[in-house]
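[1] just coords:
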């Protein structure tokens, strides 16, 4: 069976050379390898964006790069299995991956971020550097933003912060074989959040803030924050569909811009 024409890791260099004649857009899944409670594996933050990005690539014909597995996760080191890298290391690595792609024809890059909220600041910096210093069209795509409407409509738990209703629902849709719902356990968060710093993915988080490993250890004995028992595959399917639709719209718009440039209209 022939490899998909959009998965860069499975293509030869000649196939890539031909592919960039048709598309100059690349999706780069970016995540982290970190603890996700008793009921899910360490790779959740990569499995999710890569699977969603693959559906976008299949729909639009853009390129799909191999994912970045290691991210900024110092607050999860209170459980074994978590890897973390320095913020500067992470930024430089992601930037260099994208710049190298620009040398063989990629002009547009979407950083599809499965470790959203925590490493958003780093990826925003990378996008700015790629745009201003390397003449690329670069975008940071946090999953939590592109499936927000579906997540808000589907949610039944009061708090979903880490490895809880939203992420577990997504994994039930994308990789149900990796989810052990019998081990899922609700963890209530204390009502001690400072103003503008809620323990919720869609809470009142209007200022930049962070959790330490020590604080996370005090907040959760399982590793998750919120109630994963509220997760369902149906919720996950709605969130995946919305994410794929939204990202595909951006990819298609970029293709239209590239076509205009090629035709001399810009």
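    Here it is on my side, so go on. Worth saying up front: this structure is predicted, and the values here are computed from it rather than measured.

[2] Would you mind finding the longest helix in the chain?
    helix 233-262 (DSSP state H).

[3] Mind giving me the packing neighbours of it?
    With contacts taken as 3 or more Cβ pairs under 8 Å, 6 or more residues apart in numbering; DSSP states H and E, helix 233-262 sits against strand 25-30, helix 44-60, strand 108-113, strand 137-142, helix 143-146, helix 148-154, helix 165-174. No exception for glycine: its C-beta is placed from N, CA and C like everyone else's.

[4] now these as a markdown table including mean pLDDT?
    Shown next, in a markdown table, are the helices and strands packed on helix 233-262 (pLDDT from 0 to 100):
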| stretch | mean pLDDT |
| --- | --- |
| strand 25-30 | 98 |
| helix 44-60 | 98 |
| strand 108-113 | 98 |
| strand 137-142 | 98 |
| helix 143-146 | 98 |
| helix 148-154 | 98 |
| helix 165-174 | 98 |
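
[5] quick one: which of the ones you listed is nearest residue 120?
    Evaluated over the helices and strands packed on helix 233-262, closeness to residue 120 peaks at strand 137-142, with 5.9 Å, by Cβ to Cβ.

[6] count of neighbours near the residue lying closest to residue 21 once chain neighbours are set aside?
    Closest residue to residue 21 apart from its sequence neighbours, by Cβ to Cβ, 6 or more residues apart in numbering: residue 105 at 8.0 Å. Neighbours of residue 105 under the rule other Cβ atoms under 10 Å: 15.

[7] Repeat that for residue 13.
    By other Cβ under 10 Å, neighbour count at residue 13 equals 8.

[8] State the pLDDT value of it.
    Note for residue 13: predicted pLDDT of 97.

[9] any weak-confidence spans in this protein?
    1-4, 265-266 (pLDDT under 70).

[10] Now mean neighbour count and distance to residue 210 too, for the helices and strands packed on helix 233-262, in JSON lines please.
    Shown next, in JSON lines, are the helices and strands packed on helix 233-262 (neighbours: other Cβ atoms under 10 Å; distance: least, Cβ to Cβ, whole Å):
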{"stretch": "strand 25-30", "mean neighbour count": "28", "distance to residue 210": "18"}
{"stretch": "helix 44-60", "mean neighbour count": "23", "distance to residue 210": "17"}
{"stretch": "strand 108-113", "mean neighbour count": "27", "distance to residue 210": "16"}
{"stretch": "strand 137-142", "mean neighbour count": "22", "distance to residue 210": "16"}
{"stretch": "helix 143-146", "mean neighbour count": "21", "distance to residue 210": "16"}
{"stretch": "helix 148-154", "mean neighbour count": "17", "distance to residue 210": "22"}
{"stretch": "helix 165-174", "mean neighbour count": "27", "distance to residue 210": "19"}
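
[11] OK, contacts around the residue nearest to residue 21?
    Listed by Cβ atoms under 8 Å, 6 or more residues apart in numbering, the contact set of residue 105 reads 16, 17, 20, 21, 24.

[12] cool, and residue 25?
    Contacts of residue 25 (Cβ under 8 Å, 6+ apart): 60, 62, 63, 106, 107, 108, 109, 110, 251, 254, 255, 258.

[13] Of those, just say which sits nearest to residue 32.
    Nearest to residue 32 among these: residue 110, at 17.8 Å, using Cβ to Cβ.

[14] Thought residue 250 was touching the closest one, still the case?
    Yes. The criterion here is Cβ atoms under 8 Å, and residue 110 meets it with residue 250 at 6.9 Å.

[15] what touches both of those two?
    Joint contacts of residue 110 and residue 250 (Cβ under 8 Å, 6+ apart) are 139, 141.

[16] what's the neighbour count on residue 214?
    Residue 214: 11 neighbours (other Cβ under 10 Å).

[17] show me the contacts for the closest residue to it other than its chain neighbours.
    Among residues not flanking residue 214 along the chain, residue 78 sits closest, at 7.2 Å (Cβ to Cβ, 6+ apart). Taking Cβ under 8 Å, 6+ apart, we find residue 78 in contact with 213, 214, 216, 217.

[18] what's the answer for residue 91, then?
    Here residue 91 is in contact with 122, 125, 126, 129 (Cβ under 8 Å, 6+ apart).
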